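Enquirer: have a look at this prediction, sequence included:
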There are 2 protein chains.
Amino acid sequence: MAEQKKLVSEITSMDVDFAQWYTDIVKKAEMIDYSSVKGCVIMRPYAQALWENIQQALDGMFKETGHENVAMPIFIPESLLQKEKDHVEGFAPEVAWVTHGGSEKLEERLCVRPTSETLFCEHYAKIVRSWRDLPKLYNQWCSVVRWEKTTRPFLRSREFWWQEGHTVHATAEEAMEETLRMLNIYARFAEEWLAIPVIKGEKTEKERFAGAEKTYTIEAMMHDCKALQSGTSHYFGDGFARAFGMQYTDKNNTLQYMYQTSWGMSTRMIGAIIMTHGDNEGLVLPPRIAPTQLVVIPVASHKPGVTEKAQEIYEMVKAAGVRAKIDLSENSPGWKFAEYEMKGVPLRLEVGPRDIANGQCVLVRRDNREKTVVKFEKLTEKIPALLQEIQDALFQKALKNREEHTYTAKTLDEMKSILTEHTGFIKSMWCGDLACEEKIKEETGMPSRCMPFEQEHIADVCPVCGKPAHKMVVWGIAY
Amino acid sequence: MAEQKKLVSEITSMDVDFAQWYTDIVKKAEMIDYSSVKGCVIMRPYAQALWENIQQALDGMFKETGHENVAMPIFIPESLLQKEKDHVEGFAPEVAWVTHGGSEKLEERLCVRPTSETLFCEHYAKIVRSWRDLPKLYNQWCSVVRWEKTTRPFLRSREFWWQEGHTVHATAEEAMEETLRMLNIYARFAEEWLAIPVIKGEKTEKERFAGAEKTYTIEAMMHDCKALQSGTSHYFGDGFARAFGMQYTDKNNTLQYMYQTSWGMSTRMIGAIIMTHGDNEGLVLPPRIAPTQLVVIPVASHKPGVTEKAQEIYEMVKAAGVRAKIDLSENSPGWKFAEYEMKGVPLRLEVGPRDIANGQCVLVRRDNREKTVVKFEKLTEKIPALLQEIQDALFQKALKNREEHTYTAKTLDEMKSILTEHTGFIKSMWCGDLACEEKIKEETGMPSRCMPFEQEHIADVCPVCGKPAHKMVVWGIAY
Ligand SMILES: [Zn+2]
Ligand SMILES: [Zn+2]
């Protein structure tokens, strides 16, 4: 127990300092290590395994909906980045520039891709000739680089890993359909796989992606009641197509511009999992995405037959399709309990001599510590059921947290008064004027998160200017 | 047929110009597109799907042998790259340098990783404390950048995709075991999955990886009888460990240096597949790695029942676990035949009205055009058998090509005289002197490929200096 206490005491309590608690977890659960390049992290095996599960699930959903993977170059020539005016203004201030190849100065600077719209545009302009070639539904998994000033592991770093989908279509309608299809896939993935409830909605013009006509988002509330933008899907209209000369001949043999989308989800979701489900003992991973769903820990393993029985159970559980692990190391059971709690393994299976005598073992849930005694012969039935219960409970708990910390306000004063006592989402009406949006951000510190698809009528007028307002906006302090 | 001829005529014959044939294939089979950055290519969906199959197979073999994936940063600070003298000398002349982040000049230049030994060393120095932490068996999938002067898709490009394994061990013996284990995995993968026979051996000192104590390689012969280095595994001893201060405390509580390996295989293997198995009609893909193993093509599909039957067969074949595709487009059967021959799909299934009347269809092998008439009810049995036959035949054909173009020579004059008439591998003895190796390269254009594990006694003396020679070396013109 001394060892266990020591390990646990190394994490700052989330109530004392949420930011420090987060940093402690990513280090102690061995998710990341810092590299000697400021703002660039190393994804250690545990984070990488989690990311691979995320990749596999999302990639499956992309392929089911007809998408194909490609790999674009890592570099974008400066002149190519500059082709779309809004886009270059948005990204040029935060790109890393390559100026030399070996000892030679390059004729033209290359940036390390911050996002790949321009590369896809150039490619589509070359490979799409006729309506028969459309749509093109491409995606790539890669890392991108943005030279951020302040960085935090997973949430904001100079390099991060993501997927970026880029599609071109014959019509505006098809492109808009695709934009929303992918937003819905993100929402479904966040809720069903990561147990993170999200609000789907449209970004205001101010918060749009550089170069997009419309940006849609899923917004999640973290445990500290701040917002995390968790996935975005952009509709470009034919803006990039006109800048890059992306044309095709339609069925009437007429040249037309293509309509375009892009959408991305990143390793930021690992941060979302940590901050949505974690507690003061460490990570809590949703079973559906956890690299290890259950760990078998023998108790009093020096007693005859214990290790063998533990091993037998482990093999049985694994054969039943559970992602299981067994810890037969020389560390004490107490140390192991703390270790796998830190790692957020959803279920712990304890088995000792007395259990064996009774033909049973103990299952302990990571999320609420509930213990269940289970007969050996019931294990392969009980474990999947418990994993599903945990998955559901995590979602419900996160949803409850969001509902309890979502407020409505009719005036700017009301917003400010809520914020003196609470952190959370505030819903209010908005007239649509940039000035009012900026005023709210300035006075409350809350940018708009989105205009939710599920609208409510909170008042008739804008809380700032008092003019008629028809749009409800969700506001929140954001990561 | 006019369309078919047109498509096929667009490929240069491999006998006329092998290099142009290769370039034609990568373009016409839609594997790559050139980007606006010289030497950086776009991996199109078909090449990416092939690469994903390669990744999945190799990654499975790595995980089975206890390896874990991580993700290291894309950048290496100049000072870190310089820590190991031989290593920096080998790579500094060919790295891309980042000098600016946004509009600010960086205090220290960063290179885009050309390989990640230095990053792994820094990480291992931090995370490994005691013998209990060893071994660490890490791998990463990523792209790397080397500023090559002459580039060719897949074979040599400024950016390429690969995996790089980096491991540290308590003893020299364990590290050497790992080095050879991974070489054997590469050999097995090349032969069993890609149907490419390889020669396993050790590189001479001259051809070693920058900073390695020993480099092992698998060498393959392409259809034009040139050599392709297909995978390398390096043993570093404790050289990097000393340069990076990578120490651990052993069981006696004494500080020891770690022993290290690295090993890599890249998208170059796609080039190897093309140049080993391809023919004048296009790609020929080994069934085990092919994105599509069989394509169903209805003939006279306007006739009643044909499309339905083709669809039914397609569903049945897919359900039997074959990676199948059906082409119901409006293109002519002739066009489709040529298209999927170009793409190297191992089996074509043709089904028309007369076949249906007879309860059968026709299977056509891509590798030798052999046609087999098969009753519908025998399809799910016959197809896997045929795929296996193709896989074996491709391997045997490549092996035969290598055997028929491997020569032995006792003198330098003999080597030169062989080369006046043939391209291929030449086996000879070698005394071990760099001067003799360089002389052979200078006079014949052939660098040493490796000192094969399977040695033969060809002569008693070195073909250059006439001194006693105990090592047999394979020489060959290389990609
Ligand atoms: Zn207003
Ligand atoms: Zn000699």
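Expert: Arrived safely, thanks for sending. Residues are numbered from 1 along each chain as shown, chains lettered A, B, ... in the order given. Ligands and ions are numbered 1, 2, ... in the order given.

Enquirer: next, count neighbours for the residue nearest to A:Leu283 when sequence neighbours are not counted.
Expert: Excluding the flanking residues, the one nearest A:Leu283 by Cβ to Cβ, 6 or more residues apart in numbering or on different chains is A:Gly344, at 2.9 Å. Bear in mind the C-beta positions are built from the backbone N, C-alpha and C, glycine included. Neighbour count of A:Gly344, defined by other Cβ atoms under 10 Å in any protein chain shown: 26.

Enquirer: same question, A:Lys28
Expert: 17.

Enquirer: who's in contact with it?
Expert: A:Lys28 is in contact with A:7, A:10-11, A:282, A:342, counting by Cβ atoms under 8 Å, 6 or more residues apart in numbering or on different chains.

Enquirer: quick one: which of those is most hemmed in?
Expert: Tallying neighbours with other Cβ under 10 Å puts A:Gly282 at the head of the contacts of A:Lys28, with 25 neighbours.

Enquirer: just the pLDDT for the residue nearest to it when sequence neighbours are not counted.
Expert: Nearest non-adjacent residue to A:Gly282, counting by Cβ to Cβ, 6+ apart: A:Met342, 3.5 Å away. At A:Met342, the model reports a pLDDT of 97.

Enquirer: give me the below-cutoff pLDDT ranges for the stretch 201-350 of chain A.
Expert: The model of the stretch 201-350 of chain A has no residue with pLDDT under 70.

Enquirer: recalculate using a threshold of 90.
Expert: Applying pLDDT under 90 to the stretch 201-350 of chain A flags residues A:210, A:301.

Enquirer: the helices in it, which residues?
Expert: In the stretch 201-350 of chain A, the helices defined using DSSP state H, counting those that start in this stretch lie at A:239-244, A:268-277, A:306-319, A:333-342.

Enquirer: thinking again about what came up before, hang on, the residue nearest to A:Gly282 packs against A:Leu283?
Expert: Yes: with contact defined as Cβ atoms under 8 Å, A:Met342 reaches A:Leu283; the gap is 6.6 Å.

Enquirer: what's the overlap in contacts for these two?
Expert: A:25, A:29.

Enquirer: pull the longest helix from chain A.
Expert: Of all the segments assigned as helix in chain A under DSSP state H, the longest by residue count is helix A:379-404.

Enquirer: which strands and helices sit next to that helix?
Expert: Applying 3 or more Cβ pairs under 8 Å, 6 or more residues apart in numbering or on different chains; DSSP states H and E, one finds that helix A:379-404 contacts strand A:214-221, helix A:268-277, helix A:306-319, strand A:347-351, strand A:360-365, strand A:371-375.

Enquirer: just the angle between the longest one and strand A:360-365, please?
Expert: Our comparison of helix A:306-319 with strand A:360-365, counting by axes from the mean of the first three to the mean of the last three Cα atoms, to 10 degrees, yields an angle of 60 degrees.

Enquirer: alpha carbons only: can I get helix A:306-319 in CSV?
Expert: Presented in CSV, the C-alpha positions along helix A:306-319 are these (Å, rounded to 0.1, in the frame of the first residue of the first chain):
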residue,chain,number,x,y,z
VAL,A,306,-2.7,-19.2,-8.5
THR,A,307,-0.5,-18.2,-11.4
GLU,A,308,-1.7,-21.1,-13.4
LYS,A,309,-5.4,-20.3,-12.8
ALA,A,310,-4.8,-16.6,-13.6
GLN,A,311,-3.1,-17.6,-16.8
GLU,A,312,-5.9,-20.0,-17.7
ILE,A,313,-8.5,-17.2,-17.1
TYR,A,314,-6.5,-14.8,-19.2
GLU,A,315,-6.4,-17.2,-22.1
MET,A,316,-10.1,-17.9,-21.8
VAL,A,317,-11.0,-14.2,-21.7
LYS,A,318,-8.7,-13.4,-24.6
ALA,A,319,-10.2,-16.2,-26.7
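
Enquirer: that one close to chain B?
Expert: No: Helix A:306-319 stays clear of chain B (Cβ under 8 Å from any Cβ of the partner chain), getting no nearer than 14.3 Å.

Enquirer: helices or strands up against that helix?
Expert: strand A:294-298, strand A:324-326, strand A:347-351, helix A:353-357, helix A:379-404.

Enquirer: against ligand 1, how distant is the closest residue to ligand 2 within the stretch 51-200 of chain A?
Expert: Relative to ligand 2, the nearest point of the stretch 51-200 of chain A is A:Gly102 (33.9 Å; Cβ to the ion). The gap separating A:Gly102 from ligand 1 is 56 Å, by Cβ to the ion, to the nearest Å.

Enquirer: now do the contacts for the closest residue in space to A:Glu202 that isn't next to it in sequence.
Expert: Nearest non-adjacent residue to A:Glu202, counting by Cβ to Cβ, 6+ apart: A:Met451, 4.9 Å away. Residues counted as contacts of A:Met451 (Cβ under 8 Å, 6+ apart) are A:201-204, A:430, A:471-474.

Enquirer: hang on, the earlier thing: the residue nearest to A:Leu283 against A:Leu285, yeah?
Expert: Yes: the pair formed by A:Gly344 and A:Leu285 meets the contact definition of Cβ under 8 Å, at 3.9 Å.

Enquirer: pull up the overlap in contacts between the two.
Expert: Residues touching both A:Gly344 and A:Leu285 (Cβ under 8 Å, 6+ apart): A:277, A:366.

Enquirer: give me the outermost residue of chain A relative to its centroid.
Expert: Going by Cα atoms, centre = their mean, the residue of chain A most distant from its centre is A:Pro304, 46.1 Å out.

Enquirer: roughly how far does it sit from A:Val351?
Expert: 14 Å (Cβ to Cβ, to the nearest Å).

Enquirer: how many other residues sit next to A:Ile44?
Expert: Residue A:44: Arg, not Ile. Counted with other Cβ under 10 Å, residues neighbouring A:Arg44 total 22.

Enquirer: in this structure it contacts B:Tyr124, no?
Expert: No: A:Arg44 lies out of contact with B:Tyr124 (Cβ under 8 Å); the separation is 11.8 Å.

Enquirer: with distance to ligand 2 added, can I get the helices and strands packed on helix A:379-404 in a markdown table?
Expert: Shown next, in a markdown table, are the helices and strands packed on helix A:379-404 (distance: least, Cβ to the ion, whole Å):
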| stretch | distance to ligand 2 |
| --- | --- |
| strand A:214-221 | 69 |
| helix A:268-277 | 57 |
| helix A:306-319 | 57 |
| strand A:347-351 | 65 |
| strand A:360-365 | 69 |
| strand A:371-375 | 72 |
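
Enquirer: nearest to A:Met258, out of those?
Expert: Nearest to A:Met258, of all the helices and strands packed on helix A:379-404, is strand A:214-221, at 16.6 Å by Cβ to Cβ.
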